[in-house]
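*Asks:* Just need the structure, nothing else, for what follows:
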Amino acid sequence: MSRKIKVVAVSGSVQRPSRTLVLVEQLIAALVDQVPIEVQLIEVGKLAPQLGPALYRSQLPEAVEAELQAIESADLLIVASPVYRGSYTGLFKHLFDLVHQDALIDVPVLLAATGGSDRHSLVIDHQLRPLFSFFQARTAPLGVYASEQDFTGYEVSSAALRERIALAVARAIPLITLPAASTTGAGAASSALAA
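*Replies:* Residues are numbered from 1 along each chain as shown. From the prediction side, this is the model:
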């Protein structure tokens, strides 16, 4: 591959330390082992004081605008949120409410979530996948859900979770290697599909 894939990873947790952030970092590490990437990590919790009060994108400070532009120009998005009351966090949704509705067309997205127990595992298919379907993004076929039992403190301790991470990344690679000849997210995928 002639260039690095631009990966933007978004952790929807508003706390630190965060199991969601650990899961995102593990997904990035698994990806690094497979393809050449450059990564930008966005932690929604760090953006909260500036992101929360903004009703419109024009009200955002430059630093948050730069994060949105990174999301909109990614070759691959990794997005993860803790489950909060049956869905992703409100601040995670608010961030993506400010992303231009056409910016993610055909952009590959690897979905992940964390929750207190396995009963929240459908959040990926019932909440995250429909959100990115609205953007006409190409969600990877497998998402990664992790419950509290998969961690010891803030470290992954479950072999099954490590296997799910590796499998999800392996299944996503055919999607993320498509835009190798282009420089932007939506344009990259469109160029690849036209080839």
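*Asks:* lowest confidence element among the helices and strands of this protein?
*Replies:* The helix or strand of the chain with the lowest confidence, counting by mean pLDDT, DSSP states H and E, is helix 185-194 at a mean of 42.
*Asks:* what's in contact with stretch 27-36?
*Replies:* 1, 3-5, 7, 9, 37, 39, 41, 78, 80, 110, 112, 144, 165-166, 168-170, 173, 176-177 (Cβ atoms under 8 Å, 6 or more residues apart in numbering). Backbone N, C-alpha and C define where each C-beta goes, glycine included.
*Asks:* Out of the residues you listed, which end up buried?
*Replies:* Buried residues within these, defined by neighbour count using 16 or more other Cβ atoms under 10 Å: 5, 7, 9, 37, 39, 41, 78, 80, 110, 112, 144, 165-166, 168-169, 173, 176-177.
*Asks:* wait, doesn't E67 sit right on K46?
*Replies:* No - taking contacts as Cβ atoms under 8 Å, E67 lies outside contact range of K46: 9.5 Å.
*Asks:* Show me how far the helix or strand encompassing I78 is from its chain's centre.
*Replies:* Following DSSP states H and E, one finds I78 within strand 76-82. Chain-centre distance of strand 76-82: 2 Å, with Cα atoms, centre = their mean, to the nearest Å.
*Asks:* just stretch 25-33 next, same as before
*Replies:* The answer for stretch 25-33 is 12 Å, by Cα atoms, centre = their mean.
*Asks:* pLDDT below threshold where in the protein?
*Replies:* 1-2, 177-195 (pLDDT under 70).
*Asks:* Sketch out the helices for it, chain order is fine.
*Replies:* With DSSP state H as the criterion, the chain has helices at 19-32, 44-51, 62-72, 90-97, 123, 129-134, 159-176, 185-194.
*Asks:* contact partners of the third one?
*Replies:* The contact list for helix 62-72, computed with Cβ under 8 Å, 6+ apart, reads 8, 10, 40, 42, 47, 50-51, 54, 57, 60, 77, 95, 98-100, 103-104, 185.
*Asks:* and if we set it to 6 Å?
*Replies:* Residues from elsewhere that reach helix 62-72 (Cβ atoms under 6 Å, 6 or more residues apart in numbering): V8, Q40, I42, L47, Q50, L51, L98, V99, A103.
*Asks:* For burial, what's the neighbour tally of the last one?
*Replies:* Around A103 there are 19 other residues, counting by other Cβ atoms under 10 Å.
*Asks:* ok, it to G90 distance?
*Replies:* When Cβ to Cβ, to the nearest Å is the yardstick, A103 and G90 sit 21 Å from each other.
*Asks:* Equivalent analysis for the second one, please.
*Replies:* Distance from Q40 to G90, counting by Cβ to Cβ: 23 Å.
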